[in-house]
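Engineer: Give me a 3D structure for the following:
(chains A, B and C)
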Amino acid sequence: MKPQILLKEDLPLLYESLKKKNKVFSVMEKGKGKCVFAETDTFSDPLDAYTPTLLPPKKYLLPQQETLFCFRMGASPSVEENVDVEPQVIFGVRPCDIHAISLLDKTFSLENAENRYLDRRKQTIIVGIDCLHHCDTYSFCETVGTLDVKEGFDILLTDMQSVIPSEAKESHIVEKFFITVGTKKGEEILKEFGKTRDASDAEVEQFNKIHEARKRAFEYRFKTEVANLPLVLAGANEDVTWKELEEICLGCGSCNIVCPTCYCFDVFDNVDLSLNGGERCRQWDACTLKDFAVVATGENFRKSRANRLRHRFNRKFNYLMTKYGQPNCVGCGRCSKVCLVKIDTVDVVNRLIKNKGIGNRE
Amino acid sequence: MPKPKIAFFSFTSCEGCQLIVLTLEEKLLDLLEHVDIVHFREAMSERSEDYDIAFVEGSITRQSEIPQLEEIRKRAKILVAMGACATTGGVNYLKNYLDMEQVKKIVYKERADKFDTIPTRTLEEVVKVDYRIEGCPIDRDEFVEVTKSLLLGRKPRIPTYPVCVECKLAENVCVFDLGLFCLGPVTRAGCKAICPTYGSGCEGCRGLIDDPNTSAHLNVLKEHGMTVDEAIGRCKLFLGKRTK
Amino acid sequence: MPLYIPTLAEIVQVRRLTALEKWFKIRTKDGVSFSYEPGQFVEVSVFGIGEAPISISSSPPPLNPLLTKEGIKGRSTLPSGNGTFEICVRKVGDVTTALHSLEEGAIVGLRGPFGKGFPLSQMKGCDLLFIAGGLGIVPLRSAINYVLDRRDDFSNITILYGAKTPAEILFADELFGWQQRKDIECEITVDKPDSGWAGKSGVITRLIPPLEIDAKRTYALIVGPPVMYKYVLMELGIKKIPEAQIYISLERRMKCGVGKCGHCQINSVYVCQEGPVFSYRTLKFLSEAI
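Structural biologist: Numbers count the residues shown, from 1 in each chain, chains lettered A, B, ... in the order given. Have a look, this model is predicted:
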C-alpha cells in the first residue's frame, strides 16, 4: 500500500476504530513527566508522551507473570494448556521499542520457537509513532541504529505539517501524519478505517526530507563503531571498570526490569487454595539479581554484582549481538535513567573502549 | 491424614500481623479446609497446647517471655516468625539504643520499678526459627504462600531481591524523583512495593536483602540531600539490628 | 510444539541408594517414545512443587543386542528402552525432596531429553578414562554402560570413582562389578574411610598419576562437583591429554531447557542447548564455567 496521509484531528477516530475489535493500549501520563502504556478508555495523544514509558510495551507480549499451563495434582495428575490470547493494539510505540519487539520476535521464533509468544504477537497490532527529535539525554537510538524503523510495525505515524498559502486570509497550517504501512494487516486497518488518503509525491518528498534532517538532532555516542562492540566486550572481562562498578552497583535489578529487550524469566508452581491443582507460571527475572545463577546445590556462579553486570553488558553487546548480528540493546536509555547510582550504559561502554585503546570516534 | 494443627502466638507487638491474617476472609476459610486452628487469641476463645505449626508474632522484650517462647518451640514442629517485630525486632528494637533503666522511666514514669524489661531480641536470637514472614505488617499473600508451602512440603517462594524490582514492575515513578527518600534498594521485596506505590518512600520494614550495597545506597541518600545522621535515623526504625 | 508443557510419566521402580540419594526408573505414559543419549538431561515435574533438571543415569539400549551380548552379561541392570529411563536424585531442593516421597506408580511430569551428551561415537577405537566424583557418577554411569554395552568398539577403559565416605558410594553393586571385570580398570577411593573399608582412600586426583595413559588416543570424561574439576584437569594436563579430548558435564539451573529463560547461561552459551557436556577446549574460554 502506498504511504497514507491522516489528518491529525482524525487520529482519535483511528484510535476509536481500532477499539471496536481490539483491546487498545496507549500512552498515559503517570506524573513527573513519566508515562506508561495502559488500557485507556479515551484517546490519549501519543505525541504528548515523548520520553520512553516507564516499562516498555514488551509487557503486552511477554507479560510480567503468566500461566504456562494448569495442572491437577495428586495420584492422577493432568495438565492443560492455558491459552489467553486476544487481539490487541499497542498504540504509539516508538522506533526503539519497535526494534526491541523485533528482537523479541527473533528470540522466540528462532531455535525452539515459542508458540505462546508468537500467538500473542500475531494477535498484536503495532501502531508506531516516529521520533523526530531526541527524547531525553539518556537515549542513544541513533548510535545503535534503531532510530530508523523499516519493519516490526503495522503502521507507523510520522508527524508532519504543511502550510497552505491563502490569498484571502492568513495562510494556515495543516497538521497531519504521514503513515508508512508495514504489513498487510496495517493495510486492512487503514482500508477499514477509510479516512486516510494516498500521500502525494510532494508529501513523500517532505517525509524523506524530515527523515534526513532529523539525523542532525541525534548524535552518535559510542567512541567506536557498534560493529566493534563484541570485540570490545570480549576483551574486557578483567577491565577495571567492572571493579569500580562493583562498588557502586546496588544489584537492584532495575536495569533489567525496565529493559525492552530483556526476556529472562523464572518458573514456579502456583498452587490454588484447594491444594489440588494450580498453574505453572513464569515471571520476569533479572540477571543482575543475586540469585539468578544459583544452582540446586547452592553454588552461585555469578556471586559478585560486577560479574552479573558484566554478564548483562555482554548479553547486550557481545553474546546476543554475535548471535543476531545487531546489539541486543535498542538505545532507549531506560536502564541508565532508572539507575539510582548513575551507571550509564553509554558511559560504561565508552570506558571499556577507552581502556582498550581503540576509541576512534569523537 | 489428620489436619495439621496451627497456633498463633503473640509477644511484644501491636498484634497487627494477626489482624492481617483475619482480614484474609474467604482465603482464610479456604485454608481452614486444610488445617485446624487451635490457638488464636485474637479470633477465638478455645485454646490448645497441642499444635504442629506455630506462627509467632512480636519480639522478646521481657525476661518472662523467653521461657514462653522456648515452650512454644518445644511443642511446635515448625515455628514461623511472623512480622517485623519477630524477625528483625521491628520498631521495638529502637529501645536498644538506650539504657534499659532510661527506657523504663520514659515509658512507665514513676512506676518504672514495677516493670521488667530487657533489650529487644528477635525470635531467632532466642530459639530456632524455621521460616520468616517479614514486614510491618506482614503481606497477606505471603502468609498464604508460606502456609500453602508448609502444607505442600516445599520452601515458600519469598523474594530475595530488593523492593526496586517490585516498584519497577508496578511502574511507579521513583520516589526519589518525587523528592522523597527510600530504603527500597536495600530492602527485601515481597510487599509489592506498597509504600512507593502509594507515594511514600520504603521504610525498610521487611529487613535488608542478603547482600545489600549499603554504602552505595547511603551515597544515593546523600546525593538526594539526606545527611548521614538522618540516613542512620531512617534506617534505625526497622533496620536497626543491621545498621552500623 | 508446546515448549513448556510436560507429558506424563510413571515411576515404575524406586530404590534407595544412600541416605540422600534415590534411584528411579521412569516410563513415559501412553507409549510416548523417548530416546536419549548419555549425558542428556530431563526436566521432571512434581506438580505443585515445581520442575527440576535431572541427569539421565541409564544408557540407551544398543540398536543390535546380538552384537553386545557380552556387554550385557556383565551388567547388574539392563539398558533402559521402550520409553523408560533411569534417574538418580539427591534430596537437595523442593522438587528432589518431593520426588523422594513418591512411590512406585506415582505420576510425574516429563520434558526432554535436552542438551548435548557425550560424543561417544567419535571416541570409537580410543581409550576412555571416566572420572566421577560423588554425584558425578549419575550422568557418567549412562556413558559407562553405553560403552560397556559396546565394549568391542572401544580400546582400554578406565573408571575412577571418588566418594566422601563408603556409605555415600552410589551404584556400589555396579562399581564393584566393574572392578571384577577383566576387560576394564575400575578404581574406587573414599575421602574418609571407615573401619569396614578395605579399598583406597584419599581424593580422586591421587588415582590419576599412576595411570599409564596414551594421551593421543585417550578421551577423558569427567563429572563431579565444581571444586574437583580444577585439580583433575591439572593432573590430566600433566598426562598431556589434549583439551579437545576432555569432556566435562556442568551443573546449572536449567529452568526452561529450551534456551529461553537465561538461568543456565555461561557467557554466550546456554548450557541447556550446547551442554551440559562440553569439551575442555570450549570450556576454557568460558570465564564463569568452573
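
Engineer: For chain B, which residues are neighbours of chain A?
Structural biologist: Listed as neighbours of chain A in chain B under the rule C-beta under 8 Å from any C-beta of the partner chain: B:27, B:30-31, B:33-34, B:144, B:148, B:151-152, B:157, B:160-162, B:164-165, B:168-169, B:171-174, B:176-178, B:184-186, B:209-211, B:213, B:215-217, B:219-220. Glycine gets a C-beta too; all of them are placed from N, C-alpha and C.

Engineer: Excluding sequence neighbours, find me the nearest residue to the residue in chain A that chain C sits nearest to.
Structural biologist: Using C-beta to the nearest C-beta, A:C264 is the residue of chain A that sits closest to chain C, at 3.2 Å. The shortest distance from A:C264 to any non-neighbouring residue, by C-beta to C-beta, 6 or more residues apart in numbering or on different chains, is to C:G262 (3.2 Å).

Engineer: who's in contact with that neighbour?
Structural biologist: By C-beta atoms under 8 Å, 6 or more residues apart in numbering or on different chains, the contact list for C:G262 reads A:263-265, A:285, A:287, A:292.

Engineer: Please tabulate those residues in JSON lines, including the columns neighbour count and secondary structure.
Structural biologist: As requested, the contacts of C:G262 are exported to JSON lines (neighbours: other C-beta atoms under 10 Å in any protein chain shown; DSSP: H, G, I helix; E, B strand; the rest coil):
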{"residue": "A:Y263", "neighbour count": "21", "secondary structure": "coil"}
{"residue": "A:C264", "neighbour count": "22", "secondary structure": "coil"}
{"residue": "A:F265", "neighbour count": "22", "secondary structure": "strand"}
{"residue": "A:D285", "neighbour count": "23", "secondary structure": "coil"}
{"residue": "A:C287", "neighbour count": "20", "secondary structure": "coil"}
{"residue": "A:F292", "neighbour count": "23", "secondary structure": "coil"}
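
Engineer: Just the CA coordinates for stretch B:107-116, please, in CSV.
Structural biologist: Written as CSV, here are the backbone C-alpha positions of stretch B:107-116 (Å, rounded to 0.1, in the frame of the first residue of the first chain):
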residue,chain,number,x,y,z
VAL,B,107,7.6,4.5,79.4
TYR,B,108,6.4,3.8,82.9
LYS,B,109,7.5,7.0,84.6
GLU,B,110,7.3,6.7,88.5
ARG,B,111,6.1,3.1,88.2
ALA,B,112,9.3,2.1,86.4
ASP,B,113,10.5,-0.2,89.2
LYS,B,114,7.5,-2.4,88.9
PHE,B,115,8.3,-3.5,85.3
ASP,B,116,10.8,-5.8,83.8
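
Engineer: What lies in contact with it?
Structural biologist: Outside stretch B:107-116, the residues that reach it (C-beta under 8 Å, 6+ apart) are B:62-64, B:101, B:104-105.

Engineer: Name the member of the residues you listed with the most neighbours.
Structural biologist: B:K104 (19 neighbours; other C-beta atoms under 10 Å in any protein chain shown).

Engineer: Touching, B:R132 and B:A84? I think so.
Structural biologist: No: B:R132 is beyond contact range of B:A84, at 10.0 Å (criterion: C-beta atoms under 8 Å).

Engineer: And the two? Which one has more around it.
Structural biologist: Just comparing B:R132 and B:A84: by other C-beta under 10 Å the higher neighbour count belongs to B:A84, 33 against 24.

Engineer: Would you mind measuring from the more buried one to B:V228?
Structural biologist: For B:A84, the distance to B:V228 equals 24 Å [C-beta to C-beta, to the nearest Å].

Engineer: swap in A:K243?
Structural biologist: 25 Å.

Engineer: contacting residues for B:D141?
Structural biologist: Under the criterion of C-beta under 8 Å, 6+ apart, B:D141 has no contact partners.

Engineer: tell me the two of the contacts of stretch B:107-116 that are most distant?
Structural biologist: B:S64 and B:K105 (20.3 Å; C-beta to C-beta).

Engineer: just the strands in chain B please.
Structural biologist: B:5-10, B:36-40, B:53-57, B:78-82, B:131-133 (DSSP state E).

Engineer: right, so these: which one is the most enclosed?
Structural biologist: With neighbours defined as mean count of other C-beta atoms under 10 Å in any protein chain shown, these peak in mean count at strand B:53-57, which reaches a mean of 27.

Engineer: quick one: contacts of that one?
Structural biologist: B:4-11, B:13, B:15, B:17-18, B:21, B:35, B:69, B:72-73, B:75-83, B:85-86, B:123, B:133, B:150.

Engineer: Kindly recompute the last result at 7 Å.
Structural biologist: By C-beta atoms under 7 Å, 6 or more residues apart in numbering or on different chains, the surrounding residues in contact with strand B:53-57 are B:4, B:6-11, B:13, B:15, B:17-18, B:72, B:76-83, B:85-86, B:123, B:150.

Engineer: Am I right that A:V295 is in contact with C:M254?
Structural biologist: No: using C-beta atoms under 7 Å, A:V295 is not in contact with C:M254, being 9.5 Å away.

Engineer: more crowded one of those two?
Structural biologist: Neighbour count, other C-beta under 10 Å: between A:V295 and C:M254, C:M254 has more, with 28 against 19.

Engineer: for A:L14, helix, strand, or coil?
Structural biologist: Put simply, A:L14 is helix when judged by DSSP: H, G, I helix; E, B strand; the rest coil.

Engineer: Tell me both backbone torsions, phi and psi, for the residue nearest to it when sequence neighbours are not counted.
Structural biologist: Nearest residue to A:L14, sequence neighbours excluded (C-beta to C-beta, 6+ apart): A:F193, at 5.8 Å. Backbone torsions for A:F193, taken as degrees, to the nearest 10, come to phi -70, psi -50.

Engineer: What count of nearby residues applies to A:F193?
Structural biologist: By other C-beta under 10 Å, 17 other residues sit near A:F193.

Engineer: now A:C131
Structural biologist: 23.

Engineer: Then C:Q122?
Structural biologist: 10.

Engineer: Least confident secondary structure element in the chain?
Structural biologist: All of this is about chain A. Least confident helix or strand of chain A, by mean pLDDT, DSSP states H and E, is strand A:155-164 with a mean of 87.

Engineer: was after chain C, sorry
Structural biologist: Among the helical and strand segments of chain C, the one scoring lowest on mean pLDDT, DSSP H and E is helix C:69-73, with a mean of 46.

Engineer: Can you name the residues of the stretch 101-250 of chain C sitting close to chain B?
Structural biologist: Within the stretch 101-250 of chain C, no position is near chain B by C-beta under 7 Å from any C-beta of the partner chain.

Engineer: Just the helices from the stretch 101-250 of chain C, written as ranges.
Structural biologist: For the stretch 101-250 of chain C, the helices defined by DSSP state H, counting those that start in this stretch cover C:137-149, C:172-180, C:226-238.

Engineer: Quick one: list the elements packing against the first one.
Structural biologist: Read that as helix C:137-149. helix C:69-73, strand C:127-133, strand C:157-163, strand C:218-223 (3 or more C-beta pairs under 7 Å, 6 or more residues apart in numbering or on different chains; DSSP states H and E).

Engineer: Which residues does it contact?
Structural biologist: C:38-39, C:55-60, C:62, C:68, C:71-72, C:74-75, C:79, C:88, C:118, C:120, C:128, C:130, C:132, C:154, C:157, C:159, C:161, C:170-171, C:221, C:223, C:249.

Engineer: run the last query once more with 8 Å
Structural biologist: Helix C:137-149 is contacted by residues C:38-39, C:41, C:55-62, C:68, C:71-72, C:74-75, C:79, C:87-88, C:117-118, C:120, C:128, C:130, C:132, C:153-154, C:157, C:159, C:161, C:170-171, C:174-175, C:178, C:184, C:221, C:223, C:249, C:276 when judged by C-beta under 8 Å, 6+ apart.
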